[in-house]
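A.B. asks: Here's a sequence, model it:
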Amino acid sequence: MNKYNKDNAYKLDPSDYEYEEDYLDDLRVCWQDKYDPNTKTNVCVDDYNKEEDYKESLVNNWQKTCDPQHRFNGFELERFTTIDDYLVELNDRLDWIKKCDPERIFSKIDPSKHDNMFQYQHVLDLRKVWENKFDPNNEHINVDPCEYSSVEENHEALKHT
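C.D. replies: Model prediction:
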């Protein structure tokens, strides 16, 4: 029975259970208490026999529910324990967009790939500088500075248009 809880992280003693399914049911309660205590998702813990599978399903559900357009793909989702943790980060990124790029000129830049608003703002500012320096009249509409990770790449793309 310990195959479900190898590290005994939940301090359940398999020898206290007559049936393996009872032990697994109690483990599922622990998993739900840890990852989805207020049952904010439609993922049923009873459908899973492994904690990792349950958490993966929850994370996929969070992303489908809260970010259906997949605008925020830079999150390291495994670092979130609950949907509330995820929502805090997601709402922070939405706030950064409102503050740093309200017109969504640089919408292809994913704020979830940055640790803080200052890093995100810096990346946006760099793209503005590239545009002002290499395409001040916006003649190269097919070249989006958001698609390039360096000034050299952006400049090279402008040369070939």
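
A.B. asks: give me the low-pLDDT residue ranges for this protein?
C.D. replies: For the chain, the stretches with pLDDT under 70 are 1-2, 5-6.

A.B. asks: ok, which stretches of it are helices?
C.D. replies: Taking DSSP state H, the helices of the chain run over residues 20-35, 51-66, 83-100, 117-134, 151-159.

A.B. asks: Packing partners of the last one?
C.D. replies: Counting by 3 or more C-beta pairs under 8 Å, 6 or more residues apart in numbering; DSSP states H and E, the packing neighbours recorded for helix 151-159 are helix 117-134. Yep, even glycine has a C-beta here, placed from its N, CA and C like the rest.

A.B. asks: Pull out the buried positions in the helix it packs on.
C.D. replies: Buried residues in helix 117-134, counted by 16 or more other C-beta atoms under 10 Å: 117, 120, 121, 123, 124, 126, 127, 130, 131, 134.

A.B. asks: about what we covered before: who wins for proximity to residue 43 among the helices of the chain?
C.D. replies: For residue 43, the closest of the helices of the chain is helix 51-66, at 5.0 Å, according to C-beta to C-beta.

A.B. asks: Pick out the residue closest to the middle of this structure.
C.D. replies: Centroid-nearest residue in the chain, with C-alpha atoms, centre = their mean: residue 75, separated by 3.0 Å.

A.B. asks: how about it, what does it touch?
C.D. replies: 86, 89, 90, 112 (C-beta atoms under 8 Å, 6 or more residues apart in numbering).

A.B. asks: Who are the contact partners of the last one?
C.D. replies: So the one you mean is residue 112. 72, 73, 74, 75, 89, 90, 93.
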